[in-house]
Structures are given as C-alpha cells and as structure tokens.
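# Please work out how this folds:
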Amino acid sequence: MKKIIAIILSALLVTFSLTGCYGLGFLGNLLIDDTEDYEDIEIETTDFVPSTEESTTNYVYYPEETQPPAIENVNVRPAEWASVQWEPYSNQYFTLQIPSGWQVEFQGDANQLAWRAVSPDGKIGFFNQDHAYAAKDASMASTLGFSISLSEGTVQEYFETMYKDTTDYFTVQNSCVPNNKELIQSIRPYTPIRDYQALYATFKENGWEGEGVYSAVIMDSKDVIIRGSNYGAWEINCICTQWAPMGSLVNWAPVIDTIAKSFQYTDYYIKQWQEIAKSATNPQTTVNDNDPVMEAFEERSKSDTIIQEKRSDMLQEYERVYDNSTGEIYRAYNGFLDDIGDQNRYTPITDNQYTEGYVGWIDKD
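Residues are numbered from 1 along each chain as shown. Below you'll find the predicted structure:
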C-alpha cells in the first residue's frame, strides 16, 4: 500500500511540474487549507456513565473531570426493633413490660407457672416456665404420668425431644452454673443440679425459617428402683426460650432481654408459693433465671452470626453501612455507597459489626 501511495504522489508531482508553478502552488494551498481547517476545530472529550434512573440503553454524559451528583439527603427508615413503644402488662401472678401490640399468655399457678410474650404474628417471642418433669425410664413415663421421657437427663436431649418436629439442629453455645444455683438448691435440696446449658438452634415452621436460644437446668431427683424400673424423675427448671425469624435474632435480643428483665412476681404469687412450698425461703421477685440465657446468646459463635447475617443480606440484596456521624448501622440497598459519591460519612461495616445488628433501612427512592 505504501508503494502504491508513493507512486501516486510521484505521478502528481510530475504532472504539476509540467504545468508550471501554478500547479505546485495549487497543491501547496490545498494542503495548507486542509490543515488550517482542522486546527480551528475544538474536540471536547467526555466520559459516559450509564444512567441510574433509566435502562442501560440510555446514557448520561458528564464533562471530563466531573462526577455524578452525590446524594445529599439520606432518609433512614427506623427498624421495628429500634423504635419499640413499651406498655405495661399485669395479672395476678406477675407484671411485665412488653412492646405495644404484643400478646402475653400464661397458664398454671405458683406451683408451676409458664408464660410467654409474643409479637402479633408469633414469629418473635420469649417463653419462660418454672419447671417440668420427665421420666428417667421411658417404660415408666405413662405409669408416672410424665409426657416426656429422658434417658440421659441433659438440656440438649430435653429440647431435642420438645422440638424434634421442627428443629434443624442444636449446638451447645456455652455451659455455665446459673447465678441462682444456691436458691435452687435450697428449694430442692434433694435434687442436685445435673446439667445447665444454653443451646442455639434453627428451625422451620409453617413455611418460615427461624432461630432461637434455649436454656434450662436439669436436676437429678433421687432414684427409686422397683423391679428394675427407675421411678425417679428428671426435674427441668428455669426453662427459657427466645426466638425470631432467621437472621434477626441478633437485632431482637435486646428487646427480648428487656421483656425478661422487667418480669416481677406479684405479692399474691409469693404468698401462694410460700403456702405450696411450706418453706421460709422466699423466691426472688424477678426472673433472674433467664440472665444466663442472655449471657449464652452474647457468647454465641460470632462466626455463625456473621454467616447468617451475610446470607440474609445477599438473598435480599442489601449491604450494611456504618454512619460515622451517628455511630449507627443501617441496612442499605445494594449500590448505596456508589450513589452517595465520595464522602466519608458512610463506610462499609466490618465482619465483627454484623453481630451488632442494625437500626434502620436506607431505601432507594
């Protein structure tokens, strides 16, 4: 190609030389005019950015060295657990503080009291029961009138028996002696504490997934062996259960903890309990039995919580951000950090911050 162009130019020069100076002048003018025309043209360089408001087939063009307009006002939608309105609840046996709209149910009396506080849809709640019994020997369960048979008498076995139809798995989170061990032993001196544990479990029920922390004390009653059968029983005390939808228990735990710590027995309950127990030992006025349950939740495997929270964000297409101005963690739509432009107020959270929960959402307008 270069050879061909060279031959053509040579032919033109020969032709113009034959026609005299006018021909060479014409070629010079042609080249000069061509160059000047292009020197006068200013070419504006631009970057193109796909529009975030329209489909990817339309583009918004920004001049060089400029950025898309940053989001100035960020509206945070408060999370339900961060904006709870509290109200008092009471009956003849106990008083509570509960979130507005929640229901409280109870059964029994000072001899065996069970109660629970649940959200309107039942997916978040706390359950507490004074005690229950289980047969040591399965063959004696019906004879003794027990609805539960436990062979080993452990907290793990108790909850696996109770929730065998809905539970995916149980894992021991920690094992500790309850703060009120002395009180329990003084009430039931013939039943030494055998096992105290807090367990974490996930479950599926009626089409939704949940997670919970379960805790109890297993006490060993005296064995009575007759014809090879054990007439003794396991006494299960301080039974506590808290639950929430999968990936949200870390957020609801402070609310559930507030409910549990607000529990107080009434004077009527204490009087009735004293009559039944015929003992000078007074029960504590609050349900301190459940404090170790919250301790167990706090000691729960952080890596498991992080995995569950990241899984939830990925499936629902969210990312979590930290507000350096307020110190709060929000759950924002994917791409939020890109949309706000270059500013230091919002930053991605660390893995450890997944265990702190979040207090609101940032939705895309």
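
# Strands of the stretch 201-350 of the chain, start to end?
208-220, 225-226, 229-230, 233-245, 264-265, 318-323, 328-333, 346-348 (DSSP state E, counting those that start in this stretch).

# could the ones you listed be laid out in CSV, adding mean pLDDT and mean neighbour count?
Heads up, the C-betas are built off the backbone N, CA and C, glycines and all. What follows is the strands of the stretch 201-350 of the chain, written out as CSV (pLDDT from 0 to 100; neighbours: other Cβ atoms under 10 Å):
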stretch, mean pLDDT, mean neighbour count
strand 208-220, 89, 22
strand 225-226, 72, 10
strand 229-230, 74, 16
strand 233-245, 89, 23
strand 264-265, 88, 18
strand 318-323, 91, 19
strand 328-333, 92, 20
strand 346-348, 91, 13
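
# of the ones you listed, which approaches residue 119 most closely?
Judged by Cβ to Cβ, the one of the strands of the stretch 201-350 of the chain that comes nearest to residue 119 is strand 233-245, at 8.8 Å.

# now for the closest one, which elements pack on it?
With contacts taken as 3 or more Cβ pairs under 8 Å, 6 or more residues apart in numbering; DSSP states H and E, strand 233-245 sits against strand 125-135, strand 208-220, helix 249-261, helix 291-298.

# Alpha carbons only: can I get it in PDB?
Output in PDB follows, covering the C-alpha atoms of strand 233-245 (Å, rounded to 0.1, in the frame of the first residue of the first chain):
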ATOM      1  CA  ALA A 233     -37.600 -38.300  87.600                       C
ATOM      2  CA  TRP A 234     -35.700 -35.500  86.000                       C
ATOM      3  CA  GLU A 235     -36.800 -32.100  87.100                       C
ATOM      4  CA  ILE A 236     -36.300 -29.400  84.400                       C
ATOM      5  CA  ASN A 237     -36.200 -25.900  85.900                       C
ATOM      6  CA  CYS A 238     -35.700 -22.300  84.700                       C
ATOM      7  CA  ILE A 239     -36.800 -23.200  81.100                       C
ATOM      8  CA  CYS A 240     -36.200 -20.200  78.800                       C
ATOM      9  CA  THR A 241     -36.800 -19.900  75.100                       C
ATOM     10  CA  GLN A 242     -36.300 -16.900  72.800                       C
ATOM     11  CA  TRP A 243     -36.800 -16.900  69.000                       C
ATOM     12  CA  ALA A 244     -37.000 -14.700  66.000                       C
ATOM     13  CA  PRO A 245     -37.000 -15.000  62.100                       C
END
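
# Show me the strands paired with that strand, marking each as parallel or antiparallel.
Paired neighbours of strand 233-245 in the sheet (DSSP bridges): strand 125-135 (antiparallel), strand 208-220 (antiparallel).

# Which one of those strands lies nearest to residue 71?
Using Cβ to Cβ, those put strand 208-220 closest to residue 71, at 33.7 Å.

# if we can go back for a sec, I'd like to know which of the strands paired with strand 233-245 lies nearest to residue 155.
The nearest among these, by Cβ to Cβ, is strand 208-220 at 4.8 Å.

# Between helix 249-261 and the closest one, find me the angle.
For strand 208-220 against helix 249-261, the angle by axes from the mean of the first three to the mean of the last three Cα atoms, to 10 degrees is 50 degrees.

# can you list the domain ranges for the chain.
2-63, 78-300, 307-362 (automatic domain parsing).

# In terms of mean pLDDT, which of the ones you listed ranks lowest?
Ranked by mean pLDDT, the domains of the chain bottom out at domain 2-63, which scores a mean of 49.

# So which residues of the chain form helices?
In the chain, the segments counted as helices under DSSP state H are 2-18, 21-39, 141-144, 155-162, 181-187, 249-261, 267-277, 291-298, 302-316, 336-339.

# mind listing what's buried in the fourth one?
Put plainly, it is helix 155-162. Using 16 or more other Cβ atoms under 10 Å as the test for burial, helix 155-162 gives 155-160, 162.

# Pick the one among the residues you listed closest to residue 333.
residue 159 (38.0 Å).

# Identify the residue spatially nearest to the closest one, adjacent ones excluded.
Distance criterion Cβ to Cβ, 6 or more residues apart in numbering; nearest residue to residue 159, sequence neighbours excluded, is residue 214 at 4.8 Å.

# Repeat that for residue 76.
Counting by Cβ to Cβ, 6+ apart, the residue nearest residue 76 is residue 360, at 4.2 Å.

# cool, and residue 254?
residue 81 (7.4 Å).

# Look at that neighbour and say how many residues are nearby.
20 (other Cβ atoms under 10 Å).

# and the gap between it and residue 306?
Shown here: residue 81 relative to residue 306, a distance of 19 Å by Cβ to Cβ, to the nearest Å.

# List the contacts of the residue nearest to residue 76.
Residues in contact with residue 360 (Cβ atoms under 8 Å, 6 or more residues apart in numbering) are 76-79, 82, 328, 330-331.

# and of the residues you listed, the nearest to residue 89?
Of the contacts of residue 360, the one sitting nearest to residue 89 (Cβ to Cβ) turns out to be residue 82, at 21.5 Å.

# Leaving out chain neighbours, which residue sits closest to the closest one?
Nearest in space to residue 82, with sequence neighbours left out and distances taken as Cβ to Cβ, 6+ apart, is residue 359 at 3.8 Å.

# contacting residues around that neighbour?
Contact analysis of residue 359 by Cβ under 8 Å, 6+ apart lists 78-79, 81-82, 328-330.
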